[in-house]
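What follows is a predicted protein model with its sequence.
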Amino acid sequence: MKKLIASIVLMICFISLVQAQEWYHDFDEAKEIAQKNNRNIILVFSGSDWCAPCIRLEREIWSSKKFQTYAKDHFVLVRADFPTKKANKLSKEQEKKNAQLAEKYNLEGNFPLVVVMDKNAAVLGYTGYKKVSPEEYIGILESFNP
């Protein structure tokens, strides 16, 4: 019985890892991976615990199976989060990194802001929350490709 339970737990963990979407928080690391794999970068500025459109974008697009499957082979995803609740507080180092990204790519302080870049971090376009299907949102992101 213990072996059966252990097997089920391992299977659930494996399925979770396979379906998990990898979001980077270190832009330099993400850029290296994008260059290595010849993929565009999606940089998302979000307020995960206070911004309603950010939360909807997460729930309706980023968490969708369709987007996750597509993104895995096409994008390197970077999240610059700006939570306000004490329970979600980031490390000082991460706060500084996110602020530096905002100074460069989000001067107007828009939330959510989705910045599409090529593998060298040249900006291709900007978007935000749209009430569309994951397929349509992928089309918007891809429309920025030259």
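Looks like it came in fine. Residues are numbered from 1 along each chain as shown.

Not counting its own residues, what contacts stretch 122-133?
40, 53-54, 56-57, 60, 66, 105, 110, 112-118, 136-137, 140-141, 143-146 (CB atoms under 8 Å, 6 or more residues apart in numbering). C-betas here are computed from N, CA, C, even on glycine.

mind listing which of those are in strands?
Among these, the members falling in strands (DSSP state E) are Asn40, Leu113, Val114, Val115, Val116, Met117.

Including distance to Glu29, could these go into CSV?
As requested, these are exported to CSV (distance: CB to CB, whole Å):
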residue, distance to Glu29
Asn40, 16
Leu113, 21
Val114, 19
Val115, 17
Val116, 18
Met117, 14
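
following the lowest-mean-pLDDT helix or strand in the chain, which helix or strand shows up next?
Ranked by mean pLDDT, DSSP states H and E, the helix or strand of the chain with the weakest confidence is helix 2-19, at a mean of 41. Counting by DSSP states H and E, the element after helix 2-19 in chain order, helix or strand, is strand 23-24.

which secondary structure elements does that next one contact?
With contacts defined as 3 or more CB pairs under 8 Å, 6 or more residues apart in numbering; DSSP states H and E, the packing partners of strand 23-24 are strand 75-81.
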